[in-house]
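J.: Here is a sequence together with a model predicted from it:
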Amino acid sequence: MKTAEEPSLIWQKEAIAFIEWCHQQLWMNPTALTKLYERGLMDDTIKRFKIGYCPKDIWRNYSEWGIATKIKSNGKPRMIWLPHGLVIPWIHDNGKVLKLNIRRFKWYPEDKYGKYIKIPGSMNCPATYGDTSLPFGIILESEFDSILIQQEVGDSIFSIANGGSCQPLDLYTDFLMRKASLILFCPDVVDIGGAKFLNRLQSTCKNGVLWPAPQGKSPGDALMDYGVNLLEWILQGIEYQKFRR
């Protein structure tokens, strides 16, 4: 387990300019806004977390973002791909942009590229949202679900968006999990990858409990498709762990 390095100052400068532009673009695109509303996110939340919309595929040189240029097998330099889609930044309370993820609009199941694209130069660790001094935390796969939890339950719990079962934990995230009184584990689906990730978490985080969404595969599904009160669900998880002790 390693200490994750913050992005360079050049990267952060380019990232914040891109985030601000995409945030402005979002309010001019009803289709993109509707997709966020369908996830249960409200305008104040969208503004707070600077969620945005990139209206087209954009390509940038690595050097423009302060990253060493990589060369493809054909001898040409690789480019940073900023795909058409919903832009999900992770901005620390101190204002630093640490991570940039984009949910692609043009993704399809057979696509060789992922549904979510983490922009090169982003911090290689889970994203953390909310007040990490709180005694209770929840770890989820999706940044959208973590942001939704902060919208609905933010005064009660902080959230960690792991970004998938293959995302490594860093020393700081490990510290946050260990110091908490309770960490709820909420995977989307406990498949082979998810099961391995859960085993890894449970072997290092003895204060954790598996607490999947009560209905649907995620908290977002539970809220929007089944009308689940996420605050009640979180408080039940906290009480359940107290009872187990």
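T.: Good, I have the coordinates.
J.: use CA for all of it now, contacts and neighbours both
T.: OK.
J.: Identify the residues contacting K56.
T.: Applying Cα atoms under 8 Å, 6 or more residues apart in numbering, we find K56 in contact with 83-85.
J.: for the spatially most central residue of the chain, phi and psi?
T.: Centre of the chain computed as the mean C-alpha position; nearest residue by Cα atoms, centre = their mean is E143, 2.4 Å away. The phi and psi torsions at E143 (degrees, to the nearest 10) take the values phi -60, psi -40.
J.: and what of I58?
T.: Dihedral pair for I58: phi -130, psi 140, per degrees, to the nearest 10.
J.: Then A161?
T.: phi -100, psi 110.
J.: wait, doesn't the residue nearest to the centre of the chain sit right on A161?
T.: Yes. E143 is within contact range of A161, at 5.1 Å (criterion: Cα atoms under 8 Å).
J.: hang on, the earlier thing: in strands only, show me the contacts of K56.
T.: Secondary structure of the contacts of K56 is defined by DSSP state E; positions in strands are G85.
J.: Let's have the contacts of K56 in TSV, adding pLDDT, neighbour count and distance to G121.
T.: Formatted as TSV, the contacts of K56 follow (pLDDT from 0 to 100; neighbours: other Cα atoms under 10 Å; distance: Cα to Cα, whole Å):
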residue	pLDDT	neighbour count	distance to G121
P83	98	23	15
H84	98	18	19
G85	98	24	19
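J.: Switch the contacts of K56 over to CSV; also include distance to I157.
T.: Output for these, formatted as CSV (distance: Cα to Cα, whole Å):
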residue, distance to I157
P83, 32
H84, 32
G85, 29
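J.: for the contacts of K56, which one is nearest K35?
T.: Among the contacts of K56, G85 lies closest to K35 (Cα to Cα), at 10.5 Å.
J.: okay but that closest one is in contact with I58, surely?
T.: No. Under the criterion of Cα under 8 Å, G85 is not in contact with I58, lying 10.8 Å apart.
J.: on that earlier part again, looking at the contacts of K56, which one is closest to S63?
T.: For the contacts of K56, the minimum distance to S63 (Cα to Cα) is 18.3 Å, reached by P83.
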